[in-house]
Structures are given as C-alpha cells and as structure tokens.
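A.B. asks: heads up, no residue letters with this:
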Ligand SMILES: Cc1ncc(COP(=O)(O)O)c(C=O)c1O
C-alpha cells in the first residue's frame, strides 16, 4: 500500500486572475477501500490491536459509513474479525432487503463483518463504559475503534498526511467530521501555515476535541459550507461535483470533500485568500459514500453524481 500521496494542481482561470494556486492532496488514491484518512486512522490502531493480541475489531457507524466500509476491508486484509454496530434497528428488520439496497453494508458483510443493528437510543451509548461491557458480554473480547475512527492513535496516523515538501503551502484545508483528521494535520503543519477546517456538520462541537488532540498551532474552522448538516446536499453541490469531475477527472464525495472544495472555491472567489497564496486541500477519500446519495437522488428523479469510482 502507498503511504504518501501526491498533490494534483487544480487549474482554473479565475484562480490565476486572483493570484492563488490550489493543489489537491490525493489521499483518496492511497487504496481503493482503505482510502484517505481511513488508512491514516487505522494504521496505528491495527498495530496496537495486534500488540494487545486482540483478534476482533468492534466499531460503530451509520448505514453509509466510510469508516465501517474501510474497517471491514482492513480487518479481512490484516486478519481480524470485525463487528460493526450500525445505527438504526429498522435496518435489521429485513437484512436481505437492507443489503440489497445498501452497497456499504453489503460490502462490509462480504468482507466478513458481523453487522449488529441497534436503536438510535442504544447507539448514543457508544462511548459509555457500561454499554461496551454489555457488548463484551455479547461478543467476547475486542479492540474498540470509536465512531469515525478518531482516537489518539488515529490522530498520530493523520500526522503523516502532510510531508516535508508540503511546507511550501500557506494554507491547508480539510473537511471535518469528528476533528481527528484536522488535529493530525494541525500537529504536523509548519509554523508558517494556517490550517482551515471545513465542518460538514451543523453542530458547533469541534473546538474541544481539536484542542484535546493538538498543540494549538495556527488553525480555524470555516462553518459556512455544511449545507445545513451531515449528509445534507443541494443541487449546487451536485452540480459543482459533476463539473469538477468533468473538468479535472477527479471524483469528490458529497458528504466531505465536495463540501470542502465548494467551500474553498467560494472562499477563493470572495478574495478571502491573499494574493499569491498557495493552498493545499486534502482529498480524504470517502467515494464509496456516493452510492447512498445517488440512490436518494435517483428516487427524487434528480441528477446523480457521475464518477469513475467502482463501488
Ligand atoms: C472521507 C472523509 N473525509 C473527512 C472525514 C472527516 O474526518 P474526521 O472525522 O477525522 O474529522 C471523514 C470522516 O472520518 C471522511 O470519511
């Protein structure tokens, strides 16, 4: 597996007029299934699980979770049993129908992941000790990966996203969910660089987790591009993603990297990056999540996301 990605220049005439350069760090190309930040987050956790002599990984996620998809594949590849605690007990009522309609869960099960569907209320207990003990009584001993895969070892892995040559950039931009990926980037950014996170959720919860994991270098959050919340989309976003694919032959996902790039483009066009800025946006993968959004769009007879990604 590749451990370093390359930076693609993103050429647009209006960038030149405004005097900025944009590059995209292609973490999405690290691996077809353990792509982007998932590879970074899992790397040291799998090493730790092996050291602790654990044979099973247990983790949490929603029906289209990139983290569930990647953990299922990584577990199979590196010799761990995997258990996925999935939000939404209604999905477990007719499992065959669920798997026929959901490529993420079908893929995870094909890798051997044992899927366990729980109510939204039970799912909220995912970080409680008592709940984990209940799960241990049910499934036996396991190594737990939190929802979204973020923990100190995941942040350590994400510190490897930036390399020395990236210090030539003035701004590093990244989509933010739990804040683990951004924290790793903040920790490894050069003192001259500003790191800008683009949260994809509406809730304003991120400062505490990021402060917990970082040593407080130059960073900020731009909360203008979540489009109303997690997995919320609009026609402008889908049009942007399809235009970007047509122009640059690079697929963006609608949950994370599409919102990030649309935000970066708008910030550039508003003149919010000074002249001569060199900007690096991180493509954190997540392309498997397109299938879920496309099935929603198809049901509404709307344009779907066009991609060369094979689900
Ligand atoms: C493709 C993709 N990009 C970005 C993120 C955001 O990462 P984090 O949760 O570490 O903020 C995620 C979620 O893990 C993701 O799946």
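C.D. replies: Great, that's in hand. The structure displayed is predicted, hence computed values, not measured ones.
A.B. asks: Assign residue 116 to helix, strand or coil.
C.D. replies: strand (DSSP: H, G, I helix; E, B strand; the rest coil).
A.B. asks: can you count the residues close to the closest residue in space to it that isn't next to it in sequence?
C.D. replies: Using C-beta to C-beta, 6 or more residues apart in numbering and skipping residues adjacent in sequence, the residue nearest residue 116 is residue 85, 5.3 Å away. (Glycine included, C-beta is placed from N, CA and C.) Neighbour count of residue 85, defined by other C-beta atoms under 10 Å: 23.
A.B. asks: Residue 85 against residue 60, yeah?
C.D. replies: Yes - here residue 85 reaches residue 60: they are 4.7 Å apart, a contact under C-beta atoms under 8 Å.
A.B. asks: on that earlier part again, ok so the residue nearest to residue 116 is a strand residue?
C.D. replies: Yes - counting by three-state DSSP, one finds residue 85 located in a strand.
A.B. asks: what residues are up against it?
C.D. replies: Residue 85 makes contacts with 58-61, 116, 118, 123, 126, 135, as judged by C-beta atoms under 8 Å, 6 or more residues apart in numbering.
A.B. asks: And the pLDDT for the residue of the chain found nearest the ligand?
C.D. replies: Of all residues in the chain, residue 286 sits closest to the ligand, at 2.5 Å by C-beta to the nearest ligand atom. On pLDDT, residue 286 comes in at 96.
A.B. asks: and the residue lying closest to it once chain neighbours are set aside, what helix or strand is that in?
C.D. replies: Leaving aside its sequence neighbours, residue 286 sits nearest to residue 253 (C-beta to C-beta, 6+ apart; 4.2 Å). Counting by DSSP states H and E, no helix or strand carries residue 253.
A.B. asks: per-residue pLDDT, residue 253?
C.D. replies: Looking at residue 253, its pLDDT reads 97.
A.B. asks: Can you name the residues that contact it?
C.D. replies: Here residue 253 is in contact with 241, 285-287, 289-290 (C-beta under 8 Å, 6+ apart).
A.B. asks: can you check residue 56 too?
C.D. replies: Counting by C-beta under 8 Å, 6+ apart, residue 56 has contacts 80-83, 139-143.
A.B. asks: Columns secondary structure and distance to residue 94 on top of the contacts of residue 253, output as TSV?
C.D. replies: Below are those laid out as TSV (DSSP: H, G, I helix; E, B strand; the rest coil; distance: C-beta to C-beta, whole Å):
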residue	secondary structure	distance to residue 94
241	helix	32
285	coil	30
286	coil	27
287	helix	27
289	helix	23
290	helix	24
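A.B. asks: Give me every residue in this protein that's in contact range of the ligand.
C.D. replies: Residues of the chain lying close to the ligand by C-beta under 6 Å from any ligand atom are 36-37, 66-67, 148, 150, 175-182, 256, 284-286.
A.B. asks: circling back: which residues are in contact with the residue of the chain closest to the ligand?
C.D. replies: 28, 35-36, 66, 253, 255-257.
A.B. asks: Quick check on these: which are buried?
C.D. replies: In the contacts of residue 286, burial by neighbour count holds for 28, 35-36, 66, 253, 255-257, counting by 16 or more other C-beta atoms under 10 Å.
A.B. asks: Brilliant, that's me finished.
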